[in-house]
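Enquirer: Need a 3D model of the following:
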Amino acid sequence: MSSEVEEMSANSIKLLAGNSHPELAESISKRLGIPLSKVGVYQYSNKETSVTIGESIRDEDVYIIQTGTGQQEINDFLMELLIMIHACKVASVRRVTAVIPNFPYARQDKKDKSRAPITAKLVANLLQTAGCDHVITMDLHASQIQGFFRIPVDNLYAEPSILNYIRTKTDLNNAILVSPDAGGAKRVAALADKLDLYFALIHKERQKANEVSRMVLVGDVRGKSCLLIDDMADTCGTLVKATNTLMDHGAKEVISIVSHGIFSGDAKEKIKNSRLSRIVSTNTVPVDLDSNIYDQIDISPTLAEAIRRLHNGESVSYLFTHAPV
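Expert: Residues are numbered from 1 along each chain as shown. Below you'll find the model as predicted:
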């Protein structure tokens, strides 16, 4: 009888994937040894999204893999996710977990000026209204976004995977970690402690959103390999200016490492024409950059292990400090 219960438990998980990042969904599927369920996501000619689930998911534990990309389709993918969650709920699933490696609208997490919306809170409300029971995400722009939800949220960290990359792929003998702004200082200081390295800080002043007017370096980077650490690279204006600031202060080279490589707009052109030696990101969003300058950290093992642990009722906190091999 117990073996039957175990078999039932093992078979009560379903993986669904949206159209935002099929490669990541496939990697998670292979890691778990569970095939992706049949689901059709289409757009009518008037751009309405239609979802059809091609197999029974009644009383199953469903995980929907859909990331928030930085391209124009981000709103389509968000709507796609909401409809997929609702489709699962009306199909009588046991539980729906949204696996959102890059949480959409995470930068709009506070009312920073008059009449500004808190859009991250709106997205949280939409997910819950659609019927989401649990959220797995990674490196939220602001950790307090978890408080916008009335359901459990597991905010995983790319830090263990980034630490492994730095230790195995970079020369630490003459390296220094650099934060491109004051907001990332805590993150970079934590990495510096674990790697036993010094760190520097760049103070940036903005006149308007997404546009940096002036940068001031705090720390000595002369003759050093600078590892520029950030949670997100979008338009890459800050990243390129920070690189120029470091090189102008005598840095030997600059390697940028970010959790979410969005690279929207003319970011690719900026990177191509920059003084960066290398840019590295995780695959929370799909990236199409020249392999001569770009390197990728695969975080599908972390997401797959989080799904396995959540399904089996195990602790997820182990993944905050360890990267699965």
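Enquirer: any weak-confidence spans in the stretch 51-200 of the chain?
Expert: 70-72 (pLDDT under 70).
Enquirer: Which parts of it are strands?
Expert: For the stretch 51-200 of the chain, the strands defined by DSSP state E, counting those that start in this stretch cover 61-65, 95-100, 134-138, 153-156, 175-179, 199-208.
Enquirer: Reformat those strands as TSV; add distance to Met84 and mean neighbour count.
Expert: All C-beta atoms are positioned from the backbone trio N, CA, C, and that covers glycine. Shown next, in TSV, are the strands of the stretch 51-200 of the chain (distance: least, C-beta to C-beta, whole Å; neighbours: other C-beta atoms under 10 Å):
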stretch	distance to Met84	mean neighbour count
strand 61-65	5	25
strand 95-100	9	25
strand 134-138	14	22
strand 153-156	18	20
strand 175-179	37	25
strand 199-208	36	15
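Enquirer: so which of the ones you listed comes closest to Val39?
Expert: Shortest separation from Val39 across those is recorded for strand 61-65, at 8.9 Å, computed as C-beta to C-beta.
Enquirer: which neighbours does that closest one have in its sheet, and in what orientation?
Expert: Sheet pairing for strand 61-65, assigned by DSSP bridges, gives strand 13-17 (parallel), strand 95-100 (parallel).
Enquirer: re the thing from before, reformat the strands of the stretch 51-200 of the chain as CSV; add distance to Gly223.
Expert: Formatted as CSV, those follow (distance: least, C-beta to C-beta, whole Å):
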stretch, distance to Gly223
strand 61-65, 44
strand 95-100, 41
strand 134-138, 34
strand 153-156, 36
strand 175-179, 10
strand 199-208, 13
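Enquirer: Could you point out which of these sits nearest Ala106?
Expert: When these are compared by C-beta to C-beta, strand 134-138 sits nearest Ala106, at 8.4 Å.
Enquirer: Strand 61-65 and the closest one, what's the angle between them?
Expert: Interaxial angle, strand 134-138 versus strand 61-65 (axes from the mean of the first three to the mean of the last three C-alpha atoms, to 10 degrees): 30 degrees.
Enquirer: and strand 134-138, what does it pack onto?
Expert: Judged by 3 or more C-beta pairs under 8 Å, 6 or more residues apart in numbering; DSSP states H and E, strand 134-138 is in contact with strand 95-100, strand 153-156, helix 300-312.
Enquirer: Distance to Ile118 for those - can I get that in JSON lines?
Expert: JSON lines is the format used below for the helices and strands packed on strand 134-138 (distance: least, C-beta to C-beta, whole Å):
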{"stretch": "strand 95-100", "distance to Ile118": "18"}
{"stretch": "strand 153-156", "distance to Ile118": "16"}
{"stretch": "helix 300-312", "distance to Ile118": "27"}
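Enquirer: so which of these gets nearest Pro22?
Expert: Nearest of the helices and strands packed on strand 134-138 to Pro22, taken as C-beta to C-beta: helix 300-312 at 12.2 Å.
Enquirer: can you list the residues that contact the longest helix that the chain contains?
Expert: Secondary structure of the chain per DSSP state H: the longest helix is helix 74-90. Contacts of helix 74-90 with the rest of the structure, by C-beta atoms under 8 Å, 6 or more residues apart in numbering, involve 16, 18-20, 39, 41, 43, 47, 49-51, 53, 57, 62, 64, 66-69, 96, 98, 100, 104, 123, 126-127, 130-132.
Enquirer: could I have it exported to PDB, CA atoms only?
Expert: The C-alpha coordinates for helix 74-90 follow below in PDB (Å, rounded to 0.1, in the frame of the first residue of the first chain):
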ATOM      1  CA  ILE A  74       6.600  41.100 -21.600                       C
ATOM      2  CA  ASN A  75       2.900  42.100 -21.300                       C
ATOM      3  CA  ASP A  76       1.900  39.300 -23.600                       C
ATOM      4  CA  PHE A  77       3.800  36.800 -21.600                       C
ATOM      5  CA  LEU A  78       2.400  38.100 -18.300                       C
ATOM      6  CA  MET A  79      -1.200  37.800 -19.700                       C
ATOM      7  CA  GLU A  80      -0.300  34.300 -21.000                       C
ATOM      8  CA  LEU A  81       0.800  33.300 -17.500                       C
ATOM      9  CA  LEU A  82      -2.400  34.600 -15.900                       C
ATOM     10  CA  ILE A  83      -4.600  32.700 -18.400                       C
ATOM     11  CA  MET A  84      -2.600  29.500 -18.000                       C
ATOM     12  CA  ILE A  85      -3.000  29.700 -14.200                       C
ATOM     13  CA  HIS A  86      -6.800  30.300 -14.600                       C
ATOM     14  CA  ALA A  87      -7.000  27.400 -17.100                       C
ATOM     15  CA  CYS A  88      -5.400  25.100 -14.500                       C
ATOM     16  CA  LYS A  89      -7.700  26.200 -11.700                       C
ATOM     17  CA  VAL A  90     -10.900  25.600 -13.800                       C
END
